[in-house]
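Participant: the following block contains a protein sequence and its predicted model.
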Amino acid sequence: MPMKTEILAPCGSRESVFAAVRCGANAVYLGAKDFNARRNAKNFDDNELCEVIAYCHARNVKVYITVNTLVSDSEMKTAYKTVETAMRFGADGFIVQDLGLAKMIKSCFPSARLHASTQCSVSTPDGFKKLKELGFCRAVLPREMSLEEIRDIRSKTDMELEIFVHGALCMCVSGQCYLSSVLGSRSGNRGLCAQPCRLSFSADNSGSFDLSLKDLDLISRVKEIEGAGVISLKIEGRMKRPEYVAAAVTACKKAIEGNLKPEDEEALRSVFSRSGFTDGYFTGKRNDMFGIRSKEDVVAASSVLKELERLYDKETPLIPINLEFTCKEKEPVKLVAKANGRKAVAEGSIPEKAINKPLSEERIRERLAKFGGTQYYTEDIGISLDKGLIVSASEINSLRRSVTEQLDEAESPTFEKRKFEAIQPKNKCAVPYYTARFLSAEQIPENHPFKRIFLPPWAENEDFIKTGAGVETPRGLFGAENKLKARLKELKEIGVTQALCSDLGAYESAKAMGFEVFGNFSLNVFNSESANLINSPILSFELSAQQANSINAENTGIIAYGKIPLMLSRNCPVKNRIGCEKCKKHGTLTDRKGYIFPVICSPYPCVEILNPNPIVMSDRMNEIKTDFIHFYFTNETKCQISDIVNLYKKQLKPEGNYTRGLYYRGVK
C-alpha cells in the first residue's frame, strides 16, 4: 500500500509543535539542545522532548529528531546519549548529516530509522544507493534539483524521498557552505550559520546582494511532486514563528486536497518572504531567483499574524474514537475506547435502579460525545443498556476522561541498545607527504614533490598521460552523473587509475569502475568514525589542527595551502548580475568591506566561490601531524606554485595576505 503523502513541519519551539499538529501536519522535525542544524532555535531539553513526542504521538503525528551536524570525536559519546534519550521517548527517526554519526547510530541502535539530511550533499543515483547501504531509509533531496532530476533519482532507488516545498533557500548547496565558519567561526555544518550571504556580495561592485535568494515555494506544485514519487513534503523554518508554521502547513494540506486558494498563498507571502518566492531550481529557470528581506516584507507580516494564530489556538479534533458503553444490572458500568490503534477500558460502580427517570441511550450518547478541547471526535458509539437503571452524569464523564487519559499516555518503546566504544585519538608523528590538485596541467611544475596529483575531468587526455595525474571529480553533479561516468570510462581506458572524489556518488561510481578512490574535503570528514569509511580522506578544514592531528584513521590529510571554496552554487551570482559575456570566466564578488572573492566556473553544473586569501601553513609544518598535506591550487601560475612549494620545503614564513584558516580558531 503506497504511503500517504506526509506534511513535515519545522518546530523550533513548543508553540510551533502546537501550530503544526493542530493545522494538520503528519510529522514534525525538531532538535534537542545539541547536534542540530538550528542551534539558535529554542529547541527542546529532555523533559520537553518527552512531552512533545507524547503530545504528537497521541495525535498520530510522527517526530523526527535532527542530529544533522558534523560531530567531533570528543562529542560522539554525548551524541550517543542524545540518540539513546530520543529512542527512549519514542522518536520515529533521526535526520543525520555526519556519516560517522550515522554509522554509530546504526551500530548501537539497530532499529533506529535514519533519514539522510540534505546536508549530505548527495545528488546522484549512485549517491543514494550508497546512502541506503549505509543504513539510511529516507533521503532529503537537495533543494537545487529539477523535477526531471527528481524523477531520475526516484527511478533508480527505492529509498523514501523527501523534498523541501517551502522556506528559505541558501545560495550554497547544503553541506558545502563554509562562508560563515571561515568569516566568523560560526559553522553552518555545526548549526550556527550567521547568514553572511544575506549581506552585500556584489558581482559588479554596486553594493548588490548577489548571494541572497528568494524563499522557495513549491506548494502549488504538490501534485507534480507526488507524481514524481516523493512521499514527504518538508517545510523549512525551525527559526521561524508558529504563525509561519501554521500558514505553511495549512497551505500544504489544502494543496494535497486540491483546495489551495490565492488567499492561502498570500498569507504565506505576508508572514515571511524575501521579495516573493521562487521555484527556479524545480523548473530549471534560474534567472529570477534573487531577493532580499525588504521593509515591505516585514510590514506585511503584522496584518496576518492574529488571523494565523487563530488556526491553532485550540485543539483540533484529529483522531476518531470508537466507544462501547455497557450498563448491566448488578455489573459495574464499563466504557471501552479504541483510537489511534490503541484500546482503553474504564469501569465504574454498579448501576442503581431508577426511581423516576431511567437512563436512556440518547442521554448516554450525548454525554459520551463531549470531547471538546481534546484531539478526539466520536466516530461510533455502541451502547448495551438494561432497562430501568441510572448512572450519574459525573460518573459517565469520569469514565470518558479515564479512557482518554489512558489513550494519551505515552507508551514506553522497546529497542535494542548496544554499547558504544569510541575510537580513541591517535598521536601521529610522521612527516607528511604532499598531494595537490590543479585546475590545468600548465600549472604543474617540473620535478614537483607531490605523491599524488589531480586534474579536473575536462583536462585534455594528453595532460593526464603526460603528467600521470589522477582525476578530481566535480562537486555538485546534479543530472551529470552519466556525463561524469562516460568521462571516467575514457580516462580509465587511457591509463588513469586514481580519483579524488568530491561527493559520495562520485566516490561510489569511480570505485565501481576500478579506480583507486580518495576522499576530498567536501565529504566533510570530521571524526574518526567517518574517516574510517573513506579511503585516504582530506579532512574537513573546519577541524582545528589539533582535532585533525588526533583523527584515528589510516592515511588522513588536511589542506595546508589554498584558496578554499567557501560556497558551491548551482546558480551563478556573476551570470545573474552581469552575464557570462562580460565575465569571461574571470568573475568575482566584492563584499561590503571591499574583499574580492574569485568565482570559478566549470563545464559541470556548479560554480565555486573562493576565499580571497589562501591558507598558508608553510612555517607551521611542525604542528601538522597528519599523514599528508594537500595543496589546493586554483588560479595560481606555474611560477607562483613553484615559489609556494619552495616555501613549504624550507618551512619559511609567507609574505603578503594569507590566513591560517580555522586550524587555530576552530568552529563553534
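Facilitator: Structure's in. What do you need?

Participant: can you pull the buried residues of the helix or strand of the chain with the lowest mean pLDDT?
Facilitator: For the chain, counting by mean pLDDT, DSSP states H and E, helix 295-302 ranks last in confidence among helices and strands (a mean of 80). Across helix 295-302, burial judged by 16 or more other Cβ atoms under 10 Å covers 297, 300-301. For glycine as for every other residue, the C-beta is placed from the backbone atoms N, C-alpha and C.

Participant: check contacts around the residue nearest to Leu213 when sequence neighbours are not counted.
Facilitator: Here the nearest residue to Leu213 in space, its sequence neighbours aside, is Leu169; by Cβ to Cβ, 6 or more residues apart in numbering that works out to 4.2 Å. Shown in contact with Leu169 (Cβ atoms under 8 Å, 6 or more residues apart in numbering): 143, 213-216, 278, 281, 289.

Participant: state the pLDDT value of Leu169.
Facilitator: We have a pLDDT of 95 for Leu169.

Participant: all helices for the stretch 101-250 of the chain, in order.
Facilitator: Assigned by DSSP state H, counting those that start in this stretch, the helices in the stretch 101-250 of the chain fall at 125-133, 147-156, 179-184, 222-227, 242-257.

Participant: ok, which of the ones you listed comes nearest Cys583?
Facilitator: Proximity to Cys583, assessed across those by Cβ to Cβ, is greatest for helix 179-184 (20.5 Å).

Participant: quick one: furthest residue from the center of the chain?
Facilitator: Distance from the C-alpha centroid of the chain peaks at Ile355, with 67.1 Å (Cα atoms, centre = their mean).

Participant: beta partners of the residue lying closest to it once chain neighbours are set aside?
Facilitator: Leaving aside its sequence neighbours, Ile355 sits nearest to Ile390 (Cβ to Cβ, 6+ apart; 7.8 Å). Legend: beta-bridge partners of Ile390 under DSSP bridges are Glu352.

Participant: how far away is Ile390 from Lys353?
Facilitator: Distance, Ile390 to Lys353, by Cβ to Cβ, to the nearest Å: 7 Å.

Participant: can you point out the buried residues in whatever helix or strand Leu268 lives in?
Facilitator: Following DSSP states H and E, one finds Leu268 within helix 262-271. Along helix 262-271, these residues count as buried under the neighbour rule (16+ other Cβ under 10 Å): 264-265, 267-271.

Participant: show me which of those residues is closest to Met513.
Facilitator: Leu268 (45.8 Å).

Participant: okay, now Pro603: neighbour count?
Facilitator: 11 (other Cβ atoms under 10 Å).

Participant: in contact with it, which residues are there?
Facilitator: Trp458.

Participant: so what touches stretch 300-313?
Facilitator: By Cβ under 8 Å, 6+ apart, the surrounding residues in contact with stretch 300-313 are 18-19, 22-23, 241-244, 246-247, 250, 267, 269-273.

Participant: for stretch 479-497, same thing?
Facilitator: Taking Cβ under 8 Å, 6+ apart as the rule, stretch 479-497 contacts 124-126, 146, 148-149, 152, 457, 461, 464-465, 469-471, 473-474, 477, 499, 505-506, 509-510, 513-516, 604-605.

Participant: tally of neighbours for the residue nearest to Ile355?
Facilitator: 14.

Participant: now do it, the pLDDT please.
Facilitator: We have a pLDDT of 93 for Ile390.

Participant: show me where pLDDT drops low in the stretch 51-200 of the chain?
Facilitator: In the predicted model, the stretch 51-200 of the chain carries no residue with pLDDT under 70.

Participant: where along it do the strands fall?
Facilitator: Counting by DSSP state E, counting those that start in this stretch, the stretch 51-200 of the chain has strands at residues 62-67, 93-96, 114-116, 136-140, 160-167.

Participant: with the stretch 551-668 of the chain instead?
Facilitator: Listed in chain order, the strands of the stretch 551-668 of the chain (DSSP E, counting those that start in this stretch) span residues 557-562, 565-569, 588-591, 596-600, 607-610, 615-616, 628-632.

Participant: could I get the average pLDDT for the second one?
Facilitator: Yep, that's strand 565-569 we're talking about. Averaged over strand 565-569, pLDDT sits at 97.

Participant: same check on the first one?
Facilitator: On average, the pLDDT along strand 557-562 is 98.

Participant: and the contacts of that strand?
Facilitator: Residues from elsewhere that reach strand 557-562 (Cβ under 8 Å, 6+ apart): 432, 435, 521, 536-539, 541, 543, 545, 548, 614-618, 621, 624, 626-634, 644, 648, 661, 663.

Participant: which of the residues you listed fall in helices?
Facilitator: If you go by DSSP state H, the contacts of strand 557-562 have 545, 548, 644, 648 in helices.

Participant: now, which of the residues you listed sits nearest Phe415?
Facilitator: Comparing these against Phe415 with Cβ to Cβ places Ala548 closest, at 34.6 Å.

Participant: my guess is that closest one contacts Thr626. True?
Facilitator: Yes - between Ala548 and Thr626 there is a contact under Cβ atoms under 8 Å: 5.8 Å.

Participant: which residues do the two both contact?
Facilitator: Between them, Ala548 and Thr626 share these contacting residues under Cβ under 8 Å, 6+ apart: 539, 556, 558.

Participant: rebuild the strands of the stretch 51-200 of the chain as JSON lines, extending it with mean neighbour count and distance to Pro425.
Facilitator: Shown next, in JSON lines, are the strands of the stretch 51-200 of the chain (neighbours: other Cβ atoms under 10 Å; distance: least, Cβ to Cβ, whole Å):
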{"stretch": "strand 62-67", "mean neighbour count": "24", "distance to Pro425": "22"}
{"stretch": "strand 93-96", "mean neighbour count": "26", "distance to Pro425": "23"}
{"stretch": "strand 114-116", "mean neighbour count": "27", "distance to Pro425": "26"}
{"stretch": "strand 136-140", "mean neighbour count": "21", "distance to Pro425": "28"}
{"stretch": "strand 160-167", "mean neighbour count": "23", "distance to Pro425": "36"}
